[in-house]
Structures are given as C-alpha cells and as structure tokens.
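Colleague: Let's see this in three dimensions:
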Amino acid sequence: MRSTVADRSEQTALVAALRRGDAEALRDAYVRYGPAVYRIAYRLLGSAADAEDVLQDVFVGLPEALRAYDVRVSFEGWLRRVAARTALMRLRGQRRRREEPLEPLSEPAVSARDDVDRVALERAIAALPDTLRSVFVLKEIEGYAHADVAELLGISVGAAEVRLHRAKRELRRMLRSR
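Modeller: Numbers count the residues shown, from 1 in each chain. Model (predicted):
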C-alpha cells in the first residue's frame, strides 16, 4: 500500500465529505473500498450472500461508524477492520442460530494446474472450522498481526497463535488427502 501526502489529503477530504453525508463521497468510497470489504467478508464467512450483506451493512452504517474514526490512521485500514468486525459478528450470530448455507460452492472454471491448486486451497480454507478459518484469514490472507487478530476475535495472542498453527496443520492434512 502506498502512502503519500496526496493519498492522505485525499482520504481526509473523503472522510470529511462522508461525515457531512455527501452521497457522492459515499458512492466514491463504495467504488474504491467496496471490493476489499467484500473480499474480507467473503473469506471470513465463506458465503457470497453473507459477504454482500456485510458490504451493505458496512456502507449503510458508515456515517455513524465514522464517529469512531481517528484521522491519524489509514481510512482503508480502518474500514477493513470495520468489515472484519462486522463479518465476525455475523459469524457469531450464525453459530448461535446454527444456520446452514443454502448455496453450494460453485465450480469455477479450471484451466491450469495453478487454478486447481488455488481452488483446492480455497475449498480447504472454507472447510475449516470458523474459529480456525477466522484466524487464518485475518493473519495469513489479510496480513493482520497476531495482536490485532487477537483483539478482533476477543482472544489472547497465544490463542491466536495456537489457532493459526492448528489451521495450517488442518489445511496441510486436507490438501494432502485430496
């Protein structure tokens, strides 16, 4: 991620416009940051429909959530964190309700060995238990530090490290057995 004075100035102007309720600024933020919000939600939840719901929840609640935004931090980083928290809250709610997804995993078109490996890895990640998948996605895919993962999930840093180790071990097992 590049961080220049122009980027900071642009982010500051965008946040100010969002705080004023500027609809055009909300559209710009959605176009610019929506794909990252969707990606993190999809990876955490494993469902396109749930990821779309999180995307909508994040942007509908953005004007209110901005009250907690500190302009000294990256807006994109803060927004991704909001997306992760929103997805994790949805995941916790699903566990309580014991929901089963209605949509089957779609079969992507496979054209090369790398695509087969990527699809197998994505399926293996989706098959991990929620507690392991959340840590794996936040740490290995989204790049959060163990301390940030622990804070987002409400667990200790040691627990985050143990869960990551277990997730990697389980992924290796699943990928070897295919």
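Colleague: what are the ranges of the helices in the chain?
Modeller: Counting by DSSP state H, the chain has helices at residues 5-19, 23-45, 48-60, 62-65, 75-97, 113-127, 130-136, 146-153, 157-176.
Colleague: can you pull the contacts of the residue nearest in space to the middle of the chain?
Modeller: A centroid search over the chain (C-alpha atoms, centre = their mean) returns residue 40, at 2.0 Å, as the residue closest to the centre. Applying C-beta atoms under 8 Å, 6 or more residues apart in numbering, one finds that residue 40 lies in contact with 80, 83-84, 87, 137, 142. Just so you know, the C-beta spots here come from the backbone N, C-alpha and C atoms, and that holds for glycine as well.
Colleague: Pull the contacting residues for the nearest residue to it once chain neighbours are set aside.
Modeller: Distances taken as C-beta to C-beta, 6 or more residues apart in numbering place residue 83 nearest to residue 40, at 5.0 Å, with adjacent residues excluded. Going by C-beta under 8 Å, 6+ apart, residue 83 touches 36-37, 40-41, 54-55, 58.
Colleague: which among the residues you listed gets closest to residue 92?
Modeller: Nearest to residue 92 among these, counting by C-beta to C-beta, is residue 54 at 12.8 Å.
Colleague: That closest one against residue 87, yeah?
Modeller: Yes. Using C-beta atoms under 8 Å, residue 54 is in contact with residue 87, at 4.9 Å.
Colleague: Overlap of the contact sets of those two?
Modeller: Common neighbours of residue 54 and residue 87 (C-beta under 8 Å, 6+ apart) are 41, 45.
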